[in-house]
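K.L.:
Here is a sequence together with a model predicted from it:
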Number of protein chains: 2
Amino acid sequence: MSMSAPTLAIVGATGAVGSVMIEIINQRSEVPWGEIRLIASARSAGKKITVRGQERTVVELAPEAFDGVDIAMFDVPDEVSKEWAPVAVEHGAIAVDNSGAFRMDPGVPLVVPEVNSDRVHDRPKGIVANPNCTTLSMMAALGALHREFGLRELVVASYQAASGAGQQGVDRLYAELSAVAGKDVGVRAGDIAEALEAAGLPAESPFPAPLVLNVVPWAGSVKEHGWSSEELKVRNESRKILGIPDLKVSVTCVRVPVVTTHALAIHAVFSGPVTVASAREVLDGQQTVVLRDDPAAGQWPTPAGVVGGDPTYIGRIRQALDFPDTLDFFVCGDNLRKGAALNTYEIAETLAS
Amino acid sequence: MSMSAPTLAIVGATGAVGSVMIEIINQRSEVPWGEIRLIASARSAGKKITVRGQERTVVELAPEAFDGVDIAMFDVPDEVSKEWAPVAVEHGAIAVDNSGAFRMDPGVPLVVPEVNSDRVHDRPKGIVANPNCTTLSMMAALGALHREFGLRELVVASYQAASGAGQQGVDRLYAELSAVAGKDVGVRAGDIAEALEAAGLPAESPFPAPLVLNVVPWAGSVKEHGWSSEELKVRNESRKILGIPDLKVSVTCVRVPVVTTHALAIHAVFSGPVTVASAREVLDGQQTVVLRDDPAAGQWPTPAGVVGGDPTYIGRIRQALDFPDTLDFFVCGDNLRKGAALNTYEIAETLAS
């Protein structure tokens, strides 16, 4: 394909992640895209959105929408990607997909540019997959540590933001917040549920339990042996991205009342000795990792403190007291930026360069 | 001491935990206490509180306040316990202390009745210590699993409630909640801090960062090598209570915007094979442990779902996919009840019986 001024398509351009993709395209000028085509469902077709100073009209998802497209970024439900990414490829485009449809497909590379950008070139199906947002929240930091120290085991507990469940998740959290504000709830089981009901909130929610003033140890769908789909994604995608098929991983995914930015408490075992100083030195050298690690000065990453940022923020780095070759640490990453739109766009940039 | 109708004293009777102690004494009639003496600082002396149907006047903390006291429960700051628990003992009382002053003292047993009630009788200093609330949130469940399967390693990530920082922590969380309710915050770093400032909240807070719509990976004071005092307490107290001096433990303590009830994501390695079914059978047999573990039916414990309850609630029990002899699970426990007042009172009941 001619990549002099390649044509970029955004499928799902009007969604939560699609909007962030456009924001990022406007912020980054590295790639001189020729045409930028905005594609969405019939419902959104005809909308006008300004990208890089030029007003563009959203076109409906259809085979001909991919004519002349070099790279098509998809942020749509799994079943839509499953049907339409191959259509984009038939029309000559490379599909960069942020759904779960192709991530574990052996014929589809799963890419985090800082970790395995070389993999984008081996794409027999013409598709490159973008990892799940929870996995992505830690990959830049883990990839760097793995290159230096050889990762062997991961025990992860997540603190996942409401926007991981889309705009409806954010809306629900704000609605729950308003329903309990100024009320003395949370002392008795059922208080919060009653306050939400009294405020007229619908019983069905993007979350399986009240999220305000609560944490919910569940994300995704029910898989075998009590695991959630989200927990298995973090395990399987981490193995594939890092290229460690036998990486030992245990993950517990928990939703917390945070709007945006996932956080993870990580217990990482390496194949040899690793000190806090040597880990800091490695992480300091990473363009997309920011160290915030000085407890005495109140320095550590928090979701509210880093939201909107592109890097992976890491702090609380401690040498495990009782486990050899092991570090415990805490990372935060914006699940809508690096966790979704940014990494997808970085893959597109890698393909275009 | 005559334990026919022993005299019980509550030191710190007007505090957050002291009030729950009185609530529990009113709910439980197992021990026919003779006198129940309420002791507090000069500021609260003279207050009248009804206990077991009888109005009692709070007396000021002084040596003579312990005359005739058989068992004195303390919920006061470390330095107050350090000074006054020995005074109670000199006056013939057994001190049951919920501060951090004596927990790791080799001459002071650290007791969770379900786990090591026998230890109360070996108290050379006349003092029995009550564990930290975060440690207590998991002990009933871990103790039962340890008896059956032999615990070897623990990796823990906490989701700790605001009331762990006392009533001021609860008040702060509610104030922050009202400050952000109805506002579109949390999209940009600093949004929440600005909303709190705009609402006129004082800059200094019981928490080292905004807690509403956020999680904060810090609890307690700064200890060596980047560890927090709370994390070291969970490690050291777990070893002492379970009687496993070489138990391997890594803990990351994180404060979450929940009013009351601590939650913990736990990765536990045992000394032999353990199945989910065998673990459930053991836990099912515990009077003070409640299983909530059916993801397909939306059953797992959450802080808001169990707050106010006495048991330890456990769910999300999974056999680790990549680690032998290992279970991953999630527990919730009310940090003001079993985590503080209830366990302290259960120790007093054990001593009186």
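P.N.:
Happy to help now that I have it. Residues are numbered from 1 along each chain as shown, chains lettered A, B, ... in the order given.
K.L.:
First residue to last residue on stretch A:107-123, what's the distance there?
P.N.:
The straight-line separation of the ends of stretch A:107-123 (C-alpha to C-alpha, to the nearest Å) is 6 Å.
K.L.:
If you could redo that for stretch A:55-66, that was the one I meant.
P.N.:
One end of stretch A:55-66 sits 19 Å from the other (C-alpha to C-alpha).
K.L.:
Contacts for it, please.
P.N.:
Judged by C-beta atoms under 8 Å, 6 or more residues apart in numbering or on different chains, the contacts made with stretch A:55-66 from elsewhere in the structure are A:9, A:11, A:13-14, A:36-42, A:44-50, A:72, A:80, A:84, A:87-88, A:90-93. For glycine as for every other residue, the C-beta is placed from the backbone atoms N, C-alpha and C.
K.L.:
Please identify the buried residues of it?
P.N.:
With burial defined by 16 or more other C-beta atoms under 10 Å in any protein chain shown, the residues of stretch A:55-66 counted as buried are A:56, A:58-59, A:61, A:65-66.
K.L.:
Chain A: strands as residue ranges?
P.N.:
With DSSP state E, the ranges of strands along chain A come out as A:8-11, A:36-40, A:48-51, A:54-57, A:59-60, A:71-74, A:94-97, A:127-129, A:151-159, A:248-252, A:262-270, A:289-291, A:312-319, A:326-333.
K.L.:
Make JSON lines from the buried residues of stretch A:55-66 and add pLDDT and distance to residue B:271 to it.
P.N.:
Conversion of the buried residues of stretch A:55-66 to JSON lines gives the following (pLDDT from 0 to 100; distance: C-beta to C-beta, whole Å):
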{"residue": "A:56", "pLDDT": "97", "distance to residue B:271": "63"}
{"residue": "A:58", "pLDDT": "98", "distance to residue B:271": "61"}
{"residue": "A:59", "pLDDT": "98", "distance to residue B:271": "63"}
{"residue": "A:61", "pLDDT": "98", "distance to residue B:271": "56"}
{"residue": "A:65", "pLDDT": "98", "distance to residue B:271": "60"}
{"residue": "A:66", "pLDDT": "98", "distance to residue B:271": "58"}
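K.L.:
wait, which of those is closest to chain B?
P.N.:
When the buried residues of stretch A:55-66 are compared for distance to chain B (C-beta to the nearest C-beta), residue A:58 wins out at 23.1 Å.
K.L.:
quick one: the closest one and residue B:165, what's the gap?
P.N.:
Note on residue A:58: its distance to residue B:165, by C-beta to C-beta, to the nearest Å, is 49 Å.
K.L.:
same check, this time on residue A:203
P.N.:
Where residue B:165 is concerned, residue A:203 sits at a distance of 33 Å (C-beta to C-beta).
K.L.:
Comparing the two, which shows the higher neighbour count?
P.N.:
Neighbours per residue (other C-beta atoms under 10 Å in any protein chain shown) separate residue A:203 from residue B:165, with residue B:165 holding more: 20 against 7.
K.L.:
Can you pull the residues of the stretch 101-250 of chain A lying near chain B?
P.N.:
Counting by C-beta under 8 Å from any C-beta of the partner chain, the residues of the stretch 101-250 of chain A close to chain B are A:153, A:155, A:157, A:159, A:174, A:177-178, A:180-182, A:184-189, A:191-193, A:208-210, A:213-218, A:222, A:225-228, A:235, A:246-250.
K.L.:
now those: which count as buried?
P.N.:
Those of those that meet the buried threshold are A:153, A:155, A:157, A:159, A:174, A:177-178, A:180-181, A:185-186, A:189, A:191-193, A:208-210, A:213-218, A:226-228, A:235, A:247-250, by 16+ other C-beta under 10 Å.
K.L.:
Tell me the buried residues within the contacts of stretch A:55-66.
P.N.:
Buried positions within the contacts of stretch A:55-66, assessed by neighbour count (16+ other C-beta under 10 Å), are A:9, A:11, A:13-14, A:36-40, A:44-45, A:49, A:72, A:80, A:84, A:87-88, A:91, A:93.
K.L.:
can you pull out the helices in the stretch 101-250 of chain A?
P.N.:
Using DSSP state H, counting those that start in this stretch, the helices of the stretch 101-250 of chain A run over A:113-116, A:133-149, A:167-180, A:191-198, A:229-242.
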